[in-house]
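A.B. asks: Below are the sequence and a predicted model for it; my questions follow.
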Amino acid sequence: MNTRTKLQLRAALLEKIRHFFKERKVLEVETPLLYPCTIPSSHIESFSSQYYFGNFDSNSDQTKQTLYLQTSPEFAMKRLLAQESGDIYQVCKAFRNGELGKFHNPEFTILEWYRIGFDHHQLMDEMEEFLRFILDVKTAIRYTYAELFLHYLNINPLVCSVQQLKKCAVDNGINVNLDTADQDVWMQLLLTHLIEPHFAKENRPIFIYDFPQAQAALAKIRKDAEKPAVAERFEVYIKGIELANGFHELNDPIEQRQRFITELAQRQELNMSCPPLDENLLQSLASMPACAGVALGIDRLLMLLAKANTIRDVLSFDFR
């Protein structure tokens, strides 16, 4: 695909995205790419930079502030929601350090939107409408996280032990030295190695929802006396490509603070940098309306449209 074709395909996609949200009266917004805080997840590393106050003069006293290129516009968009922005969406660049491969680039384009009054099921419905509009796909298949493991591996990840998960891996030919790994690591390993490969055979969206509580991230947790607690989040795949990640958004600042503190402790154990907590976000969560939000990779969507094999095939300038 030549450069002009790449540019035309991306421009046409962005035009369709804006039409989709205009029809639904969802407002397009912009938020800062440079921000004094970043997500403290132990699975994501941010790019940081220094801003200097004052003149660049060796004889002057200067103060500096660490700023982060955002891994997604989530924090700032939630602050807008708390300021009564209404339903909003954004198309922007996002940045993740150390991520480079077939489906990853350190700088990528993200679509993120938030719908007030929606839960994750309603947002899955809208996501499916979006995918039909953009890709003209067939009706989606939906599995809970537990159903997916039962369907492919005959094991319930919400109630089984680490030993059972490890045995499932070994029985299926996965022999790795993860003696100190927790339950979440083993579930992720089984999902990526034994379940996700099946998705490439399906020519329709596959939604996974109601994740294990340990994988809640920024989602609400639903607790039922009769069943294990689950995180109200979803992911969507098409032809084996993980395309989007959505949440019934947590708006409890106390619980969110504790989750961030737990993540920072994990980062410290891994000798990763520990960014400051976003106190503005935490303060805003108490005023943020009940909503659901989702982030989608535009470049991966372009890969599907172009039938491209790697993300570099749809970028104007790939990372070298």
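C.D. replies: Nice, I can see it. All values reported here derive from a predicted model rather than from experimental measurement.
A.B. asks: ok, how many other residues are close to the closest residue to residue 240 other than its chain neighbours?
C.D. replies: The shortest distance from residue 240 to any non-neighbouring residue, by CB to CB, 6 or more residues apart in numbering, is to residue 200 (3.2 Å). No exception for glycine: its C-beta is placed from N, CA and C like everyone else's. Per other CB atoms under 10 Å, the neighbour tally for residue 200 reads 12.
A.B. asks: hang on, isn't residue 200 packed against residue 206?
C.D. replies: No - look at residue 200 against residue 206 with CB atoms under 8 Å: they stay out of range, at 10.2 Å.
A.B. asks: returning to that earlier point: any idea how far residue 310 is from the residue nearest to residue 240?
C.D. replies: From residue 200 over to residue 310 the distance is 15 Å, taken as CB to CB, to the nearest Å.
A.B. asks: got the CA positions of the longest helix belonging to the chain in PDB?
C.D. replies: Longest helix in the chain, counting residues (DSSP state H): helix 3-23. Taking C-alpha atoms only, helix 3-23 is exported to PDB below (Å, rounded to 0.1, in the frame of the first residue of the first chain):
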ATOM      1  CA  THR A   3       1.700   6.400   1.100                       C
ATOM      2  CA  ARG A   4      -1.200   8.200  -0.500                       C
ATOM      3  CA  THR A   5      -3.500   5.200  -0.200                       C
ATOM      4  CA  LYS A   6      -2.500   4.900   3.500                       C
ATOM      5  CA  LEU A   7      -3.400   8.600   4.000                       C
ATOM      6  CA  GLN A   8      -6.700   8.300   2.200                       C
ATOM      7  CA  LEU A   9      -7.700   5.200   4.100                       C
ATOM      8  CA  ARG A  10      -7.000   6.900   7.500                       C
ATOM      9  CA  ALA A  11      -8.800  10.100   6.500                       C
ATOM     10  CA  ALA A  12     -11.900   8.200   5.300                       C
ATOM     11  CA  LEU A  13     -11.900   6.200   8.600                       C
ATOM     12  CA  LEU A  14     -11.700   9.400  10.800                       C
ATOM     13  CA  GLU A  15     -14.500  11.000   8.800                       C
ATOM     14  CA  LYS A  16     -16.700   7.900   9.400                       C
ATOM     15  CA  ILE A  17     -15.900   7.900  13.100                       C
ATOM     16  CA  ARG A  18     -16.800  11.600  13.400                       C
ATOM     17  CA  HIS A  19     -20.100  10.900  11.500                       C
ATOM     18  CA  PHE A  20     -20.900   8.000  13.900                       C
ATOM     19  CA  PHE A  21     -20.600  10.200  17.000                       C
ATOM     20  CA  LYS A  22     -22.200  13.300  15.500                       C
ATOM     21  CA  GLU A  23     -25.300  11.200  14.700                       C
END
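A.B. asks: next structured bit after that helix?
C.D. replies: Next helix or strand after helix 3-23 toward the C-terminus (DSSP states H and E): strand 27-28.
A.B. asks: Can you tell me which helices and strands the next helix or strand after that following strand packs against?
C.D. replies: As assigned by DSSP H and E, the chain's next helix or strand after strand 27-28 is strand 34-35. Applying 3 or more CB pairs under 8 Å, 6 or more residues apart in numbering; DSSP states H and E, one finds that strand 34-35 contacts strand 63-69.
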